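> the sequence and its predicted three-dimensional model are supplied below.
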Amino acid sequence: MKTPLYHMVCEILKERGSLTDLDLLSQINRRLDEPISMRDLNRALLRLEINGLVTVTWISKDVRRVELAAAEAGEGER
């Protein structure tokens with residue numbers, strides 16, 4: 001069974017911490033047989049951000065930083 005993309009994003013962010021969007025895309029494509037596009041990643045990030053699981057902030061004009069939201073990151077520290 002395939003892992004949904006948004007679950008994979010959360011899993012990678014738990015392992016690696018915050019990443020740029022390009023680094024995250026690279027990490028995801030290493031785990032998949034068929035690569036995804038930035039458009040697919042953006043859809044997953046939007047869904048996760050709306051649900052309050054990740055935060056996406058602009059670092060520069062073309063680079064975004066993706067990290068788990070504070071509540072999500074704090075759950076594993078108990």
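Received it, and whenever you're ready, just let me know what you need. No experiment lies behind these values; they were computed from the predicted model shown.
> which helices and strands does the helix or strand harbouring Leu24 pack with?
Secondary-structure assignment from DSSP states H and E places Leu24 in helix 21-31. With contacts taken as 3 or more CB pairs under 8 Å, 6 or more residues apart in numbering; DSSP states H and E, helix 21-31 sits against helix 5-16, helix 38-50, strand 64-68. Where C-beta positions appear, they are placed from N, C-alpha and C, glycine not excepted.
> endpoint to endpoint, stretch 14-33 covers what distance?
Using CA to CA, to the nearest Å, the end-to-end distance of stretch 14-33 comes to 22 Å.
> for it, give the mean pLDDT please.
Averaged across stretch 14-33, pLDDT comes to 94.
> tell me what the residue nearest to Leu45 when sequence neighbours are not counted is bridged to.
Spatial nearest neighbour of Leu45, chain neighbours left out: Val56 (5.7 Å); criterion: CB to CB, 6 or more residues apart in numbering. Val56 has these beta-bridge partners by DSSP bridges: Val66.
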